[in-house]
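next input, structure requested:
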Amino acid sequence: RCSEFSVTGSISNVGGKELYDCFIFIGTAPEKPSGNLTKSTSVSSCRKNNDLSLNADNTYAVIISGGYSLAKNYYRYWNDCSFLYKTLVNDYNIPKSNLNVLISDGLNPANDRNCGTYYDSSPFDLDGDNIPDINYAATYSNINTVFTDLGNTVSSGDNLLVYVIDHGDRDTTGQSLICLWGSETISGYQLNQQLLKINPSARIHIVLGQCYSGGMITDLSGQNRTISTACYGVEESIAMADLEYDEFVYHWTCAIAGHNHNGNPVDAEINIDGSETLYEAFNYARKEDEFYKSNMEHPQYNSIQILH
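Numbering: from 1, shown residues only. Here you go, the predicted structure:
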């Protein structure tokens, strides 16, 4: 417990990298944590709890890129997923068996991706080893299957990353939606029903890159969860101008990887004490987000921490 600042903290050790998580923010996080809570002060005021110390075998991920349809499934979404997948496997040494990848039409060889001047089938291999990494089509039924399986697998103290990229939408009531394959959608409430299958003492980290993603925070917020979204609930998220990636999630992945997609190093730390926090990953992504700088998208962070 970070008693000096009346916030709770946890430390995860994943594949040799430590992710400190010692902040509570609801809605828009400040440029620096309130109370002048910088990286160095948060670490010095928290003690490591070995019960919460994780290794790669205790970390799981669900990567969802619905695409919605052939015409709307832009190939940058595959790039976003590939970059994250390679980061989890190569930088954090997370077993591939712990990664659940749902991309557009799954392992169907038919064309499902819009590459601008032509269509093709999304490559099944995400990390260049010639072994298929996609597990399922990004449909509601398959999401239900994945989270049911994880409900029987993820234990107390484990880490679960839920990462979503592609299109978002809003219904007639203004409710934010994630677009899935075949014109399906899933709401924040429906996604939360899936998350409730997971052991309540596991730590769930949610990264949402789709349009209107901030509108899901209310439905998804809960104890032992962190949420990072690319934008407010009433605005669109934006693709990068110079690379075929999405702006916010690209920089978020750079932050946790410690390098960009070409392997060039990045430093996401607020202070140089040798660790990275989930808030720092968010904060780095927001600061590097060209459309945040121009007031076009407003990334959001929410965290309600583990109480032990």
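
need the strands for the stretch 1-150 of the chain, in chain order.
Here the stretch 1-150 of the chain has its strands, by DSSP state E, counting those that start in this stretch, at 10-14, 17-21, 59-65, 99-103, 113-114, 119-120.

just the angle for the fourth one relative to strand 59-65, thanks.
Okay, so that is strand 99-103. Angle, strand 99-103 to strand 59-65, by axes from the mean of the first three to the mean of the last three C-alpha atoms, to 10 degrees: 0 degrees.

can you check the pLDDT for Phe23?
We have a pLDDT of 37 for Phe23.

can you list the weak-confidence ranges in the chain?
Scanning the chain for pLDDT under 70 picks out the ranges 1-54, 270-276, 305-308.

again, only this time at 80
Counting by pLDDT under 80, the chain has low-confidence residues at 1-55, 269-277, 305-308.

the helices in it, which residues?
39-44, 75-86, 140-151, 188-195, 217-220, 247-257, 278-288, 290-293 (DSSP state H).

which of those helices sits most buried?
With neighbours defined as mean count of other C-beta atoms under 10 Å, the helices of the chain peak in mean count at helix 247-257, which reaches a mean of 26. (Glycine included, C-beta is placed from N, CA and C.)

for that one, name the packing helices and strands.
helix 75-86, helix 278-288, helix 290-293 (3 or more C-beta pairs under 8 Å, 6 or more residues apart in numbering; DSSP states H and E).

quick one: the longest one to chain centroid distance?
With C-alpha atoms, centre = their mean, to the nearest Å as the basis, helix 75-86 stands 12 Å off its chain's centre.

contacting residues around it?
Outside of helix 75-86, the residues within contact range by C-beta atoms under 8 Å, 6 or more residues apart in numbering are 63, 65, 67, 99, 101, 103, 113-116, 122-123, 126-128, 133, 163, 165-166, 209, 239-240, 244-246, 249-250, 253, 257, 261.

that helix vs helix 247-257, what angle?
Going by the same axes, to 10 degrees, helix 75-86 makes 20 degrees with helix 247-257.

export helix 75-86 to PDB, keeping only CA atoms.
Taking Å, rounded to 0.1, in the frame of the first residue of the first chain, the C-alpha atoms of helix 75-86 are listed here in PDB:
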ATOM      1  CA  TYR A  75      -4.400  -3.600 -42.900                       C
ATOM      2  CA  ARG A  76      -3.000  -1.300 -40.200                       C
ATOM      3  CA  TYR A  77      -5.200  -3.300 -37.700                       C
ATOM      4  CA  TRP A  78      -3.200  -6.400 -38.400                       C
ATOM      5  CA  ASN A  79       0.000  -4.400 -38.000                       C
ATOM      6  CA  ASP A  80      -1.200  -3.200 -34.600                       C
ATOM      7  CA  CYS A  81      -1.900  -6.800 -33.500                       C
ATOM      8  CA  SER A  82       1.400  -8.100 -34.900                       C
ATOM      9  CA  PHE A  83       3.500  -5.500 -33.100                       C
ATOM     10  CA  LEU A  84       1.800  -6.300 -29.800                       C
ATOM     11  CA  TYR A  85       2.000 -10.000 -30.300                       C
ATOM     12  CA  LYS A  86       5.700  -9.900 -31.000                       C
END
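
begin at 43 from here
Done: numbering now begins at 43, and the last item shifts to helix 117-128.

okay, which residue is most central for the chain?
Val249 (2.7 Å; C-alpha atoms, centre = their mean).

does Arg245 touch Asn201 like I think?
Yes - between Arg245 and Asn201 there is a contact at 5.2 Å, judged by C-beta atoms under 8 Å.

neighbour count for those two, which is higher?
Applying other C-beta atoms under 10 Å to Arg245 and Asn201 shows that Arg245 carries more neighbours, namely 28 against 23.

check the gap between the more buried one and Asp122 for me.
23 Å (C-beta to C-beta, to the nearest Å).

quick one: the residue nearest to Tyr292 when sequence neighbours are not counted from Gly170, how far?
Leaving aside its sequence neighbours, Tyr292 sits nearest to Met282 (C-beta to C-beta, 6 or more residues apart in numbering; 6.1 Å). Distance, Met282 to Gly170, using C-beta to C-beta: 21 Å.

how about Ile248?
From Ile248 to Gly170 the distance is 27 Å (C-beta to C-beta).

ditto for Asn100
The spacing between Asn100 and Gly170, counted by C-beta to C-beta, is 26 Å.

swap in Ala244?
30 Å.

more crowded one of Ile248 and Gly170?
Between Ile248 and Gly170, counted using other C-beta under 10 Å, Ile248 has the larger neighbour count: 24 against 10.

residue contacts, that one?
Here Ile248 is in contact with 203-206, 262, 267-270 (C-beta under 8 Å, 6+ apart).

can you pull the contacts of Ala297?
Counted by C-beta under 8 Å, 6+ apart, Ala297 has contacts 308, 310, 318, 322-324, 326-327.
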